[in-house]
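>>> no sequence for this one, just the structure:
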């Protein structure tokens, strides 16, 4: 894959979106730096998932616009967008007895056409994606027999099989045990792609390159984790008292919360 | 890069197409041969040879007429109809994310019946095409109404709401049909229409074949063209959109195709229930959920299922022909129950 092709730029300007008159996203502008891992944090209902839906073009804003490499997302074909942006939703379920392998193969959809059948390259990409999420040993397992964490890993593998330049993840570690939380986050950070990731765990968020904080549909801060996640902000936005500790093991700063 | 891959695809289509066609032809020949008066296979082949290649076997013109005009047309329309209803079921189940979706249960067949009856009674235009056009408009109207009703109850995809809305829609359109018949049809017309509504292959002739076969082939082609898009709906429409599927356009094209196929079948043979429900589920057990394989196998199985159901309807009661819809419902209703129970256990 051509490395130069993998630095697409995603940005949005003055995005507003409401559902039945209730504002969900208010006047959000941001620019995701090529190659960075941008963490999206905020309390429940602050609009993180909605912002991701607008940025991926799955929903259209009421006003404002999303741009991908300078072009308006609303003018692009869905297929062209999906070749650059992959999305891992918070909860995507099915009642069909789809196998792990089949689910990951769905990621190749934007690269195939009705007349171009499956190729060896597609096979390799799917195998690699399964390896990346540690699911290569269970390609035949049926969806309903998977645990929540395994399902999430399959979704991530499906997104990786899309070979995106930008990966949007909505709380991907939600259902995972601690080992897979850490391995998925490590994997996401190591990918040569731009990543926008909504996270709940603020200590995990500290490892992102930059953080964006959402509150009641507004983007209230964006910048380096240490600048953004101040004790003052944690009190105002998240409603918790907190202070930083330094881990004697490796000198990492971690947050300790008090109610 | 595209051409060898496309060549490979063509090879696969030829290979699988060959055995599918062979099975289908065998079923059609069996459908022609089996009946209240059994007809020997050699006679069937002799008639076919005479008609297709002018082979010149000397045959009883009555036998020839039964095979060519009566049994063969019936088997061909049964095959087309079964295939059409089965792929309609596959598409509806995938797009609506609901294992119970089927043209009959969603009221599409009922709407098509109303449209066809309206055309038949008022007599706009004439012939099978205008009947089908009326049925198409009825089918689209019914689906629009059902979708609107489901939506305004706040149905999420995969919920039972759309099926309930479909039942309400079916009842409404069936009532409208009865109303139209009672109000405007003569008693003889009424009896004919009621018999046709239950699903009936008796009135089928070559003209019906000429409409049913092309329509089902077009429907099959459109659905196969969208096989990857249908796969992408596996995790819902948002997920399909994120995978690059133009969701709205695909939904409109496929629903219109389903409405067209269902409407043509209803206008020819009445509303035959449960084919679109039973066949896709059986096919999934055999080849899994990917549409590249599921659609062709469902079409083939649907064709075989309805040919068999038709044979059964002609031979089950001596001297009587049951409406084929009765046979499919007798098989389909228990399957519906099994799916309901399984869906609950699977959650």
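Received, thanks. These numbers were taken from a predicted model, which means no experiment stands behind them. Numbering: from 1, shown residues only, chains lettered A, B, ... in the order given.
>>> which other residues reach whatever helix or strand residue A:121 lives in?
Element membership of residue A:121 [criterion: DSSP states H and E] is helix A:120-132. Contacts to helix A:120-132, defined as Cβ atoms under 8 Å, 6 or more residues apart in numbering or on different chains, come from residues A:100-101, A:104-105, A:107-108, A:111-112, A:136, A:139, A:157-158, A:160-161, A:163, A:187. C-beta: built from backbone N, CA, C; applies to glycine.
>>> Over to stretch A:103-111?
Residues outside stretch A:103-111 that contact it (Cβ under 8 Å, 6+ apart): A:79, A:82-83, A:86, A:118, A:122, A:125-126, A:129-130, A:135, A:143, A:154-155, A:157-163, B:228-229, B:231-232, B:234-235, B:243-245.
>>> That stretch: end-to-end distance?
End-to-end distance of stretch A:103-111 (Cα to Cα, to the nearest Å): 15 Å.
>>> Ok, stretch A:128-145 next?
With Cα to Cα, one end of stretch A:128-145 sits 22 Å from the other.
>>> Give me the distance from it to the chain's centre.
On the basis of Cα atoms, centre = their mean, to the nearest Å, stretch A:128-145 sits 20 Å off its chain's mean C-alpha point.
>>> Pull out the buried positions in it.
Applying a neighbour-count criterion of 16 or more other Cβ atoms under 10 Å in any protein chain shown, the buried positions in stretch A:128-145 are A:129-130, A:132-136, A:138-139, A:141, A:143.
>>> Then stretch A:97-117?
Under the neighbour-count criterion of 16+ other Cβ under 10 Å, stretch A:97-117 has A:98-112, A:116-117 buried.
>>> end-to-end on that stretch?
Start to finish, the residues bounding stretch A:97-117 are 23 Å apart (Cα to Cα).
>>> quick one: it to chain centroid distance?
With Cα atoms, centre = their mean as the basis, stretch A:97-117 stands 21 Å off its chain's centre.
>>> coming back round to it: closest to residue B:260 out of the buried residues of stretch A:128-145?
Distance to residue B:260, by Cβ to Cβ, is smallest for residue A:143 among these, at 32.4 Å.
>>> In helices, which of the contacts of helix A:120-132 fall?
If you go by DSSP state H, the contacts of helix A:120-132 have A:100-101, A:104-105, A:157-158, A:160-161, A:187 in helices.
>>> could you dump these to a markdown table with pLDDT?
Converted to a markdown table, those look like this (pLDDT from 0 to 100):
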| residue | pLDDT |
| --- | --- |
| A:100 | 95 |
| A:101 | 94 |
| A:104 | 95 |
| A:105 | 95 |
| A:157 | 93 |
| A:158 | 94 |
| A:160 | 92 |
| A:161 | 94 |
| A:187 | 82 |
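>>> near chain B, which residues of chain A?
With Cβ under 8 Å from any Cβ of the partner chain as the criterion, chain A meets chain B at residues A:53, A:56-58, A:77-83, A:85-87, A:89, A:92-99, A:102-103, A:106-107, A:109-110, A:112, A:114-117, A:119, A:144, A:155, A:162.
>>> Which stretches in the stretch 51-200 of chain B count as helices?
In the stretch 51-200 of chain B, helices defined by DSSP state H, counting those that start in this stretch lie at B:61-65, B:72-96, B:108-122, B:127-152, B:161-184, B:187-197, listed in chain order.
>>> and of the ones you listed, who's closest to residue B:291?
helix B:72-96 (7.0 Å).
>>> Now do the helices in the stretch 1-150 of chain A.
Using DSSP H, counting those that start in this stretch, helices in the stretch 1-150 of chain A cover A:48-55, A:78-82, A:100-105, A:120-132, A:148-161.
>>> Dump the ones you listed into CSV; add distance to residue B:324 as well.
Shown next, in CSV, are the helices of the stretch 1-150 of chain A (distance: least, Cβ to Cβ, whole Å):
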stretch, distance to residue B:324
helix A:48-55, 47
helix A:78-82, 42
helix A:100-105, 35
helix A:120-132, 43
helix A:148-161, 43
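>>> Tell me, how many residues neighbour residue B:170?
Look at residue B:170: counted by other Cβ atoms under 10 Å in any protein chain shown, it has 23 neighbours.
>>> Assess the claim that it and residue B:112 are in contact.
No. Taking Cβ atoms under 8 Å as the definition, residue B:170 is not a contact partner of residue B:112, at 11.2 Å.
>>> worst average pLDDT in the helices of the stretch 51-200 of chain B?
Within those, the stretch with the lowest mean pLDDT is helix B:187-197, showing a mean of 78.
>>> which residues are there in the stretch 201-347 of chain B that come within reach of chain A?
Neighbours of chain A within the stretch 201-347 of chain B, by Cβ under 8 Å from any Cβ: B:224-229, B:231-232, B:234-236, B:238-239, B:241-247, B:284, B:288-290, B:343, B:346-347.
>>> ok, of these, which come out buried?
Applying 16+ other Cβ under 10 Å to those flags B:224, B:226-229, B:231-232, B:234-236, B:238-239, B:241-245, B:247, B:284, B:288-290 as buried.
>>> Just give the closest residue to residue B:260, not the sequence neighbours.
Leaving aside its chain neighbours, residue B:260 sits nearest to residue B:136 (5.8 Å; criterion: Cβ to Cβ, 6 or more residues apart in numbering or on different chains).
>>> Next one: that neighbour from residue B:142, what distance?
Computed with Cβ to Cβ, to the nearest Å, the distance linking residue B:136 and residue B:142 is 11 Å.
>>> where do the contact lists of these two overlap?
Taking Cβ under 8 Å, 6+ apart as the contact rule, residue B:136 and residue B:142 both touch residue B:112.
>>> avg pLDDT for stretch B:42-53?
The average pLDDT for stretch B:42-53 rounds to 90.
>>> same check, this time on stretch B:252-263
On average, stretch B:252-263 scores 92.
>>> Check stretch A:33-46 too.
91.
>>> ok now that stretch, how far from the chain's centre?
With Cα atoms, centre = their mean, you get 8 Å for stretch A:33-46.
>>> Figure out the length between the terminal residues of stretch B:116-136.
8 Å.
>>> Stretch B:239-253 now?
With Cα to Cα applied, stretch B:239-253 spans 19 Å between its terminal residues.
>>> Flag every buried residue along stretch B:138-149.
B:138-143, B:145-147, B:149.
>>> again, but for stretch A:226-241
By neighbour count on 16+ other Cβ under 10 Å, the buried set for stretch A:226-241 is A:228-229, A:233-234, A:237-238.
>>> Stretch B:335-345 now?
For stretch B:335-345, a neighbour-count test (16+ other Cβ under 10 Å) marks residue B:336 as buried.
>>> and what of stretch A:157-175?
Residues of stretch A:157-175 classed as buried by neighbour count (16+ other Cβ under 10 Å): A:157-175.
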